[in-house]
Each structure stands twice: as structure tokens, then as C-alpha cells.
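>>> after the sequence you'll find the predicted model.
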Amino acid sequence: MPKHYRPPGKKKEGNAARYITRSQAVKSLQVSLSLFRKLCILKGIFPREPKKKVKGNHHTYYHLKDIMFLKHEPLLEKFREMRAYEKKVKKAMSKKNRDLAERLLTRKPTYTLDMLIRERYPTFIDALRDLDDCLSMVHLFAALPAVEREKIEVKRVHNCRRLSHEWQAYISRTHKLRKTFISVKGIYYQAEVEGQKITWLTPHALQQVLPVDVDFKVMLTFLEFYETLLAFVNFRIYHSINVKYPPILDPRLEALAADLYALSRYFDANTTAPTVESQAVSSYGSNGQVEDKPAGAKLAESELRLAQLQHQLPSNEPGALMHLVEDAAGKDEDDEEVKECKNLFKNKKFFLSREVPRESLLFVIPAFGGVVSWEGEGAPFGESDQSITYQIVDRTMQGHRFLSREYVQPQWVFDCINARVILPTEEYMVGRVPPPHLSPFVDNEAEGYVPEYAETINRLQAAARKEILPILGVGKEDLDDPQNLLVEGIIDRAEAIEAAEKKRKMSILQKQYHDELKIELQGVQYSSVSNATKQNSVEDTEAGGESLPDFQQIAEDAANISKVVMPRKKRRLYEAMQIGKERKRADIGLLKERKRKIDEAKKSE
Amino acid sequence: MKVPKEDSHDAKAQKKEKDLEPKKKEEITMKRVEEKEEEKAQRASEEFPSDSDSDDEGLSEDEGTVIESGSQSELSEDEDIVSTSGDDESSDHKGHGEENLENQIESDDSLPNDDDFSQEDEEGQSESNESRQAVEESDSSEDEVAPRNTIGDVPLEWYRDEEHIGYDLAGKKIKKKERQDKLDSFLASVDDSRNWRRIYDDYNDEEVELTKDESKLINRLLKGKAPHADFDPYAPYVDWFAWDGAKHPLSNAPEPKRRFIPSKWESKKVVEYVRAIRKGLIKFDKPKEEARLYHLWDDSSSTERHGLAFIPAPKPKLPGHEESYNPSLEYIPTQEEINSYQLMFEEDRPTFIPKRFTSLRSVPAYEKAVNESFDRCLDLYLCPRARKKRINIDPESLKPKLPSRKDLKPYPITCYLEYKGHKGPVMSISTESTGQWIASGSSDGTVRIWEVETGRCFRVWELGDTVQHVAWNPSPELPILAVSAGQDVFLLNTGLGDEEEQKKIKEILHVETSTAPDGSGNNSSIVSWAQDDKHEGIRLTHFKTVSSIEWHRKGDYFSTVMPSGESRAVLIHQLSKKLTQRIPFKLHGLPVSAAFHPTRSMFFISTKKNVRVYDLLKQKPIKKLETGVREVSSIAIHPGGDHVIVGSREGKLCWFDMDLSSQPYRVLKCHPKDITNVAFHRSYPLFASCSDDCTAYVFHGMVYSDLNQNPLIVPLEILRGHASSNGRGVMDCKFHPRQPWLFTAGADSVIKLYCH
């Protein structure tokens, strides 16, 4: 009788009853595999790992409750209906009744996913927590070309682009962006919305490669869900700042692919209006506050006038004036970080040249309080504006150079944002190779290796905070980590002892050799002496062993001795941890080694 | 003519639709209804139904038949009209039709003759009312004067070089006129006052003199006016068709009333549709609407997720420094390193190789962007998810808290003495019960006795065969050494002790010749006891190689183990009686070693997998200890007798508590290689294991008399110092009987003493 034999008539129990394989699931749901896949994706059902895999290791297992969950999904019925309808259309087509087929096609049943979103993310925070993949995917598809063969429709690409811009506009407007990173894969952004850190990747704004070995059906199913999710999230966040959603954009700017700017202008026009009533009294009272910040007010005013000029705002709109005040009044609510982000590029005016990634910078700079314009139509101000403080260029300059502004590479903006200080621009001048661009997502101390430029930035940050570092090059972290010091001390001592011992042994051996030579010269028979010398040597080494034991060995033994009594599980865990540590150490060692070599090469030049 | 025809056709089409419509009633949508109505409106206003006819998709396929039927209907309607108008006019009607036909022909003819309109229009226009005559006189100008020229209507150039222009009726050439030279003609023209009226007619080769009227006419033509002055081009149109006065009118029917009132049928239809719409029988095509957005997360409803416990997908890994477009130089692997990646296993190979770009604009699109996104998608819906506890702890905290080693002193720590003299690996050592001497047996065939404290070699026996095991008799009065070498077991007199003892020993070690054959026939074949004069002792010859010897605590009995001896593998010998007997138990598997219980009459036999405990008095098995190791190599009994340690060839040490269970109380994995031997200290709470990895472990093994308290096992020290030889390390270890010292025998032919 096999071990897990279940007599007929007896119910299944345990894992056998709780988990079913995928093919069983498909069979019990009476759907095709592709439909099952679609349902799983939309519903967020994933396989699980049972403790005991009853059907074997090579199956995927779903929990029976998950499958029941799918079974009761109204969407399943809807999909069946759609399938039946498709058959109707097909029948009409095959009977050459094109008229009927077309009419049928216009009345195709559709489905919505909003309830699924509600079900999967009961609270808004849940949705935000899971927004990373959604944003990355939507941004990717916003950059993809529409391909009919793969059923990537123009409409969806446009929708993706619109959604991503709306999201960016919100983040930029509310100064929620925290970190940015230009990677080879694209540009990473990290924002903090309602306490959730949301990271997403936007591909570089270039023609994307469409690989052949990708099943776009799967991706489009995901995208379908993500589009809906992001639309609802956008709706929610827009309403949270009293802006109507979906926004209505200036078609001229939209046509110029300056959606972000159009959105920000929409915000300008829109945010203030509903809040006017509530803010009116307080704002008039706080007029002094406005005057406290003349520079900012002036800036905003000019911005406003600009917007008015470009027929965005009717000049007599009351909100227009309020806008300034609101900014000033709303400040107390922001926490320290938001304030920091808001003021990083305050009073700085940027101008983007043609070759820099415009969309990214248009998103990033206003998020940190800067004013930005670009070369081309629809721009708020032109290149010749004298108040521009920074011009972002990524190509050796020809033509007129303004003395009043600094010409920097785009990396400067991103580095400034990550460091939260205005870095000196000398290194980022046009034509130079900029300093390394470091990832803000890495905790250098935890990683154990601090790149050189990170230290420089640390020093600049400290200087900005008016802190004085004790010694140049010695970070705080080095001092307040006694563990490190201790380990270092031990290693040093061990090394010293080892060296001394080696020396001593060498001298003993040398001495012995000399003695033997002497004896041989004297012609005494070796065998008789050997005993004596051996005894000597034994004594010698023993004495040595006693007074100076192999220090490292002892330390190691002391560390390992308790491993003997560990239970197997813990021991394995410990060993795995050690292996991981060792690997990390090796990686860092490799980095240090490379760094040393590079430095040497530099020195020798 | 046209108007009624089309009207009738229209009616027909309507009829047809009328037929169709009841059938399709349910399916036809409002959109189509509107279309129809539009169509009708168009017809009413423009009288131009042929276009709208083609609009009708439902009928488009059999358009041909419709047209045909239309013509038929025309006829029939004509008949209708005829019938209404009366019989007397029927002939009239026919004639009218004829005339119409002729008229048609006339108009057709007039088209090609447009060129010579100027010549014929005099008559044509003047006789506008009499169409019949006009038909006859259409080419009258030709008839008046026959042209001189008979060549026909061919280009005159063909006859340029000829002297004739055709032939007359008689067949003679019609000669061209003599041409005057230019001077003459000029002079003539100057002389002649009427010369300007003369025109040379090329065709007829004659001069024509224009009359006054003709010149006037030409003048008018040149001005673009009608040639005749009395012709009025803008005269009011007089219908040539005599509608009223005709004898045979085309249709005598009066214009029907229905042409002037709104259609009842149509209004009925409209009402019908309106009602159907109101009742909901006709559904409109809803305009495609965008997905409605609303506050999905209003706070009112429950915030709990349904279904099973949700395991959120892990977030994608955040990029490190190396993924930067412009990483620090040290993150970029050198070319050699990149080449060396090729030698790695494919799964170990790094998927991402950092690269450096000097400016942002030179960064290309990432070619794996879609692939990576796709992989992420696959992970999200295909990967089984399980909640894994991520342990973020200091690995040191995993280590158990052990009592301080300082408190557990004394225990052997350092090598104090080495005993050198053996030429081969020392296989076994044994301590004398007083602790003054140790005996060692080596694979070079010698057995040596050493003085413990000085390291002096006291005595050497050359046995000639590899010594497997040496064992001192535990009783202090009988310093006898049992040595196994090959198939023989020697009982050697060490020559220690005072004379009285020596005498006793000699007595014991005396064997009457051939005692063994005298004994019971059963035993005779197994072992033969014989006097060995050479080494002053007894020689027991076994039938297989003896691997180990264990003494009973009283020193009278000892057991030998022959692993390949099958049912007679374990033997018990009695020294005083020179007797050998088989143990009366069945052995399960190959025996490895055997041991006597230190206090009671129990006997332990360890086979490769298990240890079995027998009661020697009752002669029955008591317990089976399941080690769970692959191969047991050695066994040692705690002096208390309730605890057993078993060493295995996989480096595991099992501690058994005899009172508890047959499973090990604690398994210690200390050695990476085979454990060769384990040993308990007789008085101190110490035990040790030695292994082929050249180390010996010393443990603190405290056993409490309180049964509720578990034994305390603490690893104390790793003793090193032996060198590996031929893959073997430390072969044996034994504690000093009194001191907390440990002797180890190494395969490097050295014996070491570790002291506290």
C-alpha cells in the first residue's frame, strides 16, 4: 500500500484537499487556459507553495479557496458571455452577413474592472503600496510604439501617456518626489505619497526595442488592470488637492507634446478656485506673510501673468490672486522634508536645451520648486530671458553664451536632488565628463563600501548644514562604530602575532640546521644524536606552542566551538549567513581592488 | 415623360420597403428609420430619387430587378392612365408616342451637323414650329448649287500638284483654273473697286463675289452675334409640346392629391416607431462612453480584503550604483573579468554588466526593457508565493549560550608531551589503570609501553603484524596487556608490578598445552589458546582479523570483535579459565565494536547502524539504540553506565541517555571527517572524540544524578597538532585515568599528551 493511500470513499484531507494543480483548476472552472490566466492576472490570484506537494514537484498549485474565489467572480460569467457573443459575430461573418456582424460588433459586451480594484485594494493605501509595477508598466507602454501585430493600440498608448503625465503632474505639483536615478535602464523616480514609498522606472525617451520572445497578451492584460488602477488613483489624488479629474488640457500645448506643462498650468488654474471661499478670510489676514516672501510672490506673479497672457486664465478670476496666498498659507502643513524639497530649486530658473531629456526635467525641476522652460514652441519663456540662472545643456555649445547663467549637464539636476543641496557646478560644466552618478537607493554604510564621490557629497551636505567634520575623509560612521574598531584591532593584533611567530620559527629552524651542520662537521654519528636533537626540537616546539599558540586558529576555534552544539537548522542558517557575508565581503574587496588599481594608474600617469 | 416614370419607380421602391419592414421590425434601429425619413424628404424636395435608391442597402443586391420592374410598372401605369382617360383617346395616345420617337431622332441628327449651323440655321430657326420640314431641309444648301469639285470630302492638299479637281459626268477632268501671278492679281485687285467682295473658294477653285447681305451676315458672325438680325436669342420659351391641345396626350390623368398631402402611411410608420421606442422595443446604439471614474475608496465600506491571506508580491529590486549610466569607475569590470564571465555557469553569470556613458544623450534605449517588464509580469502571476520569514539577525545570536569554559576547567588544552618512537601510524593506545603507563600499538608491528610523565619508552614488543588494538587489564593488580595483531590476540606480561604480582601474572598467563582443543568442540574451531614463549604471554589465534578488544571491569573477561566473523564475530574470553565462548545473541549486521557495562552485567555491541544492549546474565537483549548515522565507528560508555556516546564515520557524535529513549539525546556534528574513536573520562565530566581531520574535540559532559535534569554538554576545546598522513589523522584517544589529560595517537606515528 502506498504511503499516502486514500481508501475510496474517504474524503481528502490536508494538502491534498487544500491545494489543486493548475490543470485541475482550469478543468474545474471550465475555462480555457488563456482565460484562466487572464482571470488570475486581473484578480491577483497567484499559485501557492504547499508544504507537501501531493501531485509532484513539477506542478503549480493553487489554493482551493483561491479557485473558489475565481469561480464566484462575476467577471467569469461576463467572459463566457463575451465568448458566446464572439461566436455570434463569427457566425454572421461566415454567413457573409457583414451588416449584421458590424451591427453586432458595435454592441459588443464590455466589462469594467473597478470592483476588482476595490476588492484587491480595499484601502487607498493598499493601492499605493502596490503601485510600483503599475507605474513602471504604464510608463513603459507610454514609450512603446503602437504595433498592430501585437495588438498594442494607439489609443492605449495615448492613454498610458496621459495617465503617466497626470501622475507626474500630481507628484511634481505636490512636491512628493524624493529620489531620482538615471540608470542604463531608464530613469528611476521615488516618490512618497501618504507615507508609501513608490518607485517607478521610466524608459529613456527613445525608440524602444520590441522583442519577439515576449507574449504581449499577458502584458496587455496586466496593462488593462494597471490602467484602470492608475486612473482611479489619479482621480483620488487629484480630488485630494481639489482639482477636477480628468483634467482638460490646452490642446495647443498638448499638440506640442508639452503635456506636463499643460497639466501644471491646469493645476494653476484649477486648484485655487474651489478653495477660495474657505481661504479668503485667512488669506486677506495673512497679507503680511505674502510680503515676507517678495521674491517668491513676484515669481508666482510673473508666472500667473504668463498664464494669463496665454489665455489660460481669465484675468478677472478671483482664484488667480488667491493662488499666491494659498501657497504661502499652505506651508505650515508641510513637514520638514516636503519643505526641503519644495525649496531646493526655489528662485532658480532653468532653461532646457534641445538635446536634454525634456519630459524628465520638466517633471523633476518643478517638483523641487524650480521654474523651467525649454527650447521650442509653447515654452513659457525664451532662451534670451535674462533671469534664467541655469541652462541645461548636453552638447558642446555653439552660439551665444549668456554670462548671467550657468551651463550645466542634466546630471547636475539629478545629483542635486539626491543630495538635497545645490552642488557646485564646476564639475558638471558642458564638455566635461561629469562625476559618477550614484544611486540614491543604496545605503553605502550598510553595503560596506562608500564610493569616493558619495563622501564628497556627504561633506558638501554637512557644510550646507554648517556642521564641521572632525577630520577630512573620516566620516561620522567610522567613529561611532566601536565594533568596527574592535574587529580591526583584533585583526591587527592577530597579524602582528602571526608575523612574530613566523619569524621565531624560522630562527629556530635556522638554528637547528646550523647545529646539525656543526655536528656533521664534527663527524659524530647522526643516529645517536638525532634522538637528542629531536627531543630538543620537541621541547622547543612544544614550548613555542605553549607560549605562542596559533592565535588565529584559536580565535577561529573559539568562534566555531559553539557551532558544534547548535541544532542542525540553526547551524545551516548560520552557515548560509556566513556564506552571504563572505560573498558580500568578496564583492567589496573586488571593488576596493579595482579602485586601488585605478588610483595607481592615475598616479603613474 | 420622365417625371411620372421616376415617380412610379419611387412608389415601387416604397412598396418593396413596405413589404420588408414588417419582417425586420424588431431589428431595425432608429438610426435606419431616420435615414429613411431623410431619404423621403430628399425625394420630396429634389425629385431626384435615383441616388437615394442606391442608398438602400437592403435592396442593393437586386437592383437590376428593381429597375426592370420599374419599367414594367411604367407600362402598367400608362395603361392605367389610358384606362382612366378613356378609349377614344387610345389611338391619339399612340400617335403621340410616334411623334415623340421621331422628335428624338431629329434631335439626335442635329448634333453632328452643328458645324454648318450657320448655313442652315436660317431655315432651322425660322421654322422652329414645323419640325417635320426641318428634318427634310436639313442639308438643303448642298442641293442648291452643285459644287464644281467632285473629289469629295478629302483634303485639298492631295490634289495640290494635280491640274484637275475631279471628273465630270462625262469622265473628263475638271481642270483647275489658270492661276494669275501675284503681280497681276494685285494689279487687278487695285483696279477693281469691288475686289474686297471677292473671295477665292479653294474647294471649288473659283472666285466668289459676296453680296451685301452675305457680308452683313459675316460681320455679325465675326461679332459673335446671331447671324440674322431679326433673331432674338432671348425670346420667351415656348413649349413645343402641345400639352392641352394634343389629340393624344401622354397622360391625361390629373395630378393626384397624394402628391400634395403628407403621407399617411409614413406618419403611421413614424408613430409606430415612436411607440416602439417608448416601449423599449427598439434600442438605440448607445454612444461608447469612457469608463466612469468615481471615488473608489470612500471610507464608508469595509476595508478588509476578502479571500485567502494575501501575500503581496515582493517589490522589484532597487538599482545599485552599478546600474548608473555613469557609475564610478570601480564598478566597471575590466575586460578580463568580462571574459572570465564566459567560463562561469550560465546561472552564475552576471546578467547586467555596468557600462559608462560620458553624457546623457549618448545613452541608448535599454534593449531588455520590455523583456524585464515581461519577466516581472510572469513572476507576478506564475511564481508560487509563500510567506518567508526573513531573519535579520546577527548570526552570532544564533549560537547557543554556553557556560563559560573557564568555569568548566580543568580540561586538556595544550600539548604537553609527545611520545615518539613508532615508525608507523599509531593505531591504538591504552592507559594503565594507575595512570603511570600507556601502551601503544602501531601498524609497524610494535607495541610500546611509555612512561607517561617522562615520555620514556619502557618496553617494545615486535609482533610482526599490524597491531589493531591494545588494552590494559583494568585491574591494577594484573598489569596485563591485550594486543590484537592480525588474527592473533596476545596477552602480554608487561613486567610491571612487584614480584608477588609478577608471580600471579605468570601463573595466569600459563596455558597448559592445547587447552583449546580439549575444550568443547564448538569453541575449538574458533580460538586456540597457546603459550607464546617469545613474548612471554598467551596467544589466542582467531579465525579472522580481530579489530578490537575490551576488558571487563574485573579483568577476568575480555571480548574480541572480528567484524568479518559473522555469527561468531564477537567472542568472550575468560582469562582465568582460558575459556572462549560465543555470545548467545543473534547479531544484526556487522559488529564494529563491543563494550562491557562499567557496573552491571550488560554488554554493548555496536553494529554499523545500531547499538544493541544485552543482559549477560539473563542472556537476552535489553535495548536497541538507533543512532541514525550512516556508519558507527566507535562507542564509549559513561562510567555511570547510563550514557553512551557513539562516534560515526560521517563525523557525528551521538549522545544516548539509556534511561530516556532509543534515539540520541543529542547529536553533535563536530568533525568534517570520520570519527575514529570516542572516550569518556573515568572521573572528570569529560569526553573526547578524535577524527581523521587531525583534531580531537574535548567536551564537558556533565551527568546529573537528578533524573529530571538533562546532561549538560559543552564543547570545550579543539586539540590540534597531529599531522595528516595517508588521509588518516588522529587514530585513537584515551583519557588519563586520574588527571584530566588526553592522549591522542596520530597517524603521523606520534602520541601526544594534552594537559590542562
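In hand now; what should we look at? Numbering: from 1, shown residues only, chains lettered A, B, ... in the order given.
>>> mind listing what A:Gln409 touches?
A:392-394, A:428-430, A:432, A:434, B:359-360 (CB atoms under 8 Å, 6 or more residues apart in numbering or on different chains). Where C-beta positions appear, they are placed from N, C-alpha and C, glycine not excepted.
>>> pull up the gap between the closest residue in space to it that isn't next to it in sequence and chain B, please.
Closest residue to A:Gln409 apart from its sequence neighbours, by CB to CB, 6 or more residues apart in numbering or on different chains: A:Tyr428 at 4.8 Å. Distance, A:Tyr428 to chain B, by CB to the nearest CB, to the nearest Å: 11 Å.
>>> indicate the residue of the stretch 201-350 of chain A located nearest to chain B.
With CB to the nearest CB, the shortest gap between the stretch 201-350 of chain A and chain B falls at A:Leu206, namely 3.9 Å.
>>> got the CA coordinates for stretch B:551-561 in PDB?
C-alpha atoms of stretch B:551-561 as PDB (Å, rounded to 0.1, in the frame of the first residue of the first chain):
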ATOM      1  CA  TRP B 551      38.200  -5.900  29.100                       C
ATOM      2  CA  HIS B 552      35.500  -6.500  31.700                       C
ATOM      3  CA  ARG B 553      35.900  -4.200  34.600                       C
ATOM      4  CA  LYS B 554      37.200  -7.000  36.800                       C
ATOM      5  CA  GLY B 555      39.900  -8.000  34.500                       C
ATOM      6  CA  ASP B 556      39.000 -11.600  34.100                       C
ATOM      7  CA  TYR B 557      36.900 -11.500  31.000                       C
ATOM      8  CA  PHE B 558      37.600  -9.800  27.800                       C
ATOM      9  CA  SER B 559      35.800  -9.600  24.500                       C
ATOM     10  CA  THR B 560      37.100  -9.600  21.000                       C
ATOM     11  CA  VAL B 561      35.400  -8.400  17.800                       C
END
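>>> what about that stretch, average pLDDT?
The average of the pLDDT scores along stretch B:551-561 is 88.
>>> please apply the same query to stretch B:485-494.
Averaging pLDDT residue by residue across stretch B:485-494 gives 85.
>>> what sits against the residue of the stretch 201-350 of chain A closest to chain B?
In this structure, A:Leu206 makes contact with A:143, B:364-365, judged by CB under 8 Å, 6+ apart.
>>> now with 7 Å?
For A:Leu206, the contact set (CB atoms under 7 Å, 6 or more residues apart in numbering or on different chains) comprises B:364-365.
>>> so it is in which element?
Under the criterion DSSP states H and E, no helix or strand holds A:Leu206.
>>> of the contacts of A:Gln409, which is the most crowded?
A:Ile392 (27 neighbours; other CB atoms under 10 Å in any protein chain shown).
>>> just to check, B:Leu210 is in contact with B:Asn195?
No: counting by CB atoms under 7 Å, B:Leu210 stays clear of B:Asn195, with 11.4 Å between them.
>>> of all residues in chain A, which one is nearest the centre?
The residue lying closest to the centre of chain A (CA atoms, centre = their mean) is A:Thr199, at 4.3 Å.
>>> that residue should be in a strand, yeah?
Yes: assessed by DSSP: H, G, I helix; E, B strand; the rest coil, A:Thr199 belongs to a strand.
>>> thinking again about what came up before, quick one, grab the pLDDT at the residue of the stretch 201-350 of chain A closest to chain B.
As predicted, A:Leu206 sits at a pLDDT of 86.
>>> do A:Asn484 as well
46.
>>> B:Gly565 now?
For B:Gly565, the model assigns a pLDDT of 80.
>>> what does B:Lys12 give?
46.
>>> what's the answer for B:Pro262, then?
pLDDT, B:Pro262: 91.
>>> can you give the domain ranges for the chain?
Picking chain A for this. Listed domain ranges for chain A are A:14-72, A:77-106, A:114-247, A:444-479, A:481-557, A:566-605 (source: automatic domain parsing).
>>> switch to chain B, that's the one I care about
B:2-86+B:252-279, B:177-237, B:406-755.
>>> save those as a markdown table, and put in mean neighbour count and distance to A:Phe79 too.
Converted to a markdown table, those look like this (neighbours: other CB atoms under 10 Å in any protein chain shown; distance: least, CB to CB, whole Å):
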| stretch | mean neighbour count | distance to A:Phe79 |
| --- | --- | --- |
| domain B:2-86+B:252-279 | 13 | 27 |
| domain B:177-237 | 11 | 73 |
| domain B:406-755 | 19 | 55 |
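>>> indicate which one of the ones you listed is closest to A:Tyr453.
Proximity to A:Tyr453 (CB to CB) singles out domain B:406-755 among the domains of chain B, at 45.1 Å.
>>> endpoint to endpoint, that closest one covers what distance?
15 Å (CA to CA, to the nearest Å).
>>> right, is it up against chain A?
Yes: judged by CB under 7 Å from any CB of the partner chain, domain B:406-755 comes into contact with chain A through B:414-415, B:418, B:420, B:668-670, B:713, B:715, B:718, B:720.
>>> can you tell me the element A:Lys511 falls in?
helix A:482-522.
>>> name the residues that touch stretch A:375-390?
A:252-253, A:256, A:258, A:306, A:348-354, A:373, A:404-406, A:408.
>>> ok so, going back, any idea how far the residue nearest to the centre of chain A lies from A:Arg129?
12 Å (CB to CB, to the nearest Å).
>>> where do the helices sit along the stretch 251-400 of chain A?
A:251-255, A:259-285, A:287-292, A:294-309, A:318-329, A:336-343, A:358-367 (DSSP state H, counting those that start in this stretch).
>>> any idea which of the domains of chain A is most buried?
Ranked by average neighbour count under the criterion mean count of other CB atoms under 10 Å in any protein chain shown, the domains of chain A are headed by domain A:114-247 at a mean of 19.
>>> next, the distance between the ends of it.
20 Å.
>>> so where does B:Val678 fall, helix or strand?
Using DSSP H and E, B:Val678 falls within strand B:675-680.
>>> following that strand in sequence, what is the next regular element?
strand B:686-691.
>>> where does the prediction get shaky in the stretch 301-450 of chain A?
A:301-334 (pLDDT under 70).
>>> contact residues of it facing chain B?
So far as CB under 7 Å from any CB goes, the stretch 301-450 of chain A lies against chain B at A:355, A:357, A:394-395, A:409-411, A:433-434, A:436-439, A:441-442.
>>> may I ask which two of the residues you listed are separated the most?
That would be A:Arg395 and A:Val442, which, of those, are the farthest apart (CB to CB) at 30.0 Å.
>>> between those two, who's got more neighbours?
Between A:Arg395 and A:Val442, A:Val442 has the larger neighbour count (other CB under 10 Å), namely 20 against 14.
>>> and that one, what does it touch?
Counting by CB under 7 Å, 6+ apart, A:Val442 touches B:320-321.
>>> quick check, it in a strand?
No: going by three-state DSSP, the assignment for A:Val442 is coil, not a strand.
>>> now B:Gly424: how far from B:Ala439?
For B:Gly424 relative to B:Ala439 (CB to CB), the value is 16 Å.
>>> hmm, I typed the wrong one, I wanted B:Thr446.
11 Å.
>>> swap in B:Val646?
According to CB to CB, B:Val646 and B:Ala439 sit 25 Å apart.
>>> and what of A:Ala367?
87 Å.
>>> same question for A:Leu35.
As judged by CB to CB, A:Leu35 and B:Ala439 stand 83 Å apart.
>>> also B:Asp692?
22 Å.
>>> for A:Ile20, give me its contacts.
A:61-62, A:64, A:67.
>>> which of the residues you listed fall in strands?
A:61-62 (DSSP state E).
>>> so which bits of the stretch 151-300 of chain A are right by chain B?
Those residues of the stretch 151-300 of chain A that sit near chain B, judged by CB under 7 Å from any CB, are A:181-186, A:188, A:199, A:203-204, A:206-211, A:214, A:218-219, A:222, A:228, A:231-232, A:235-236, A:245.
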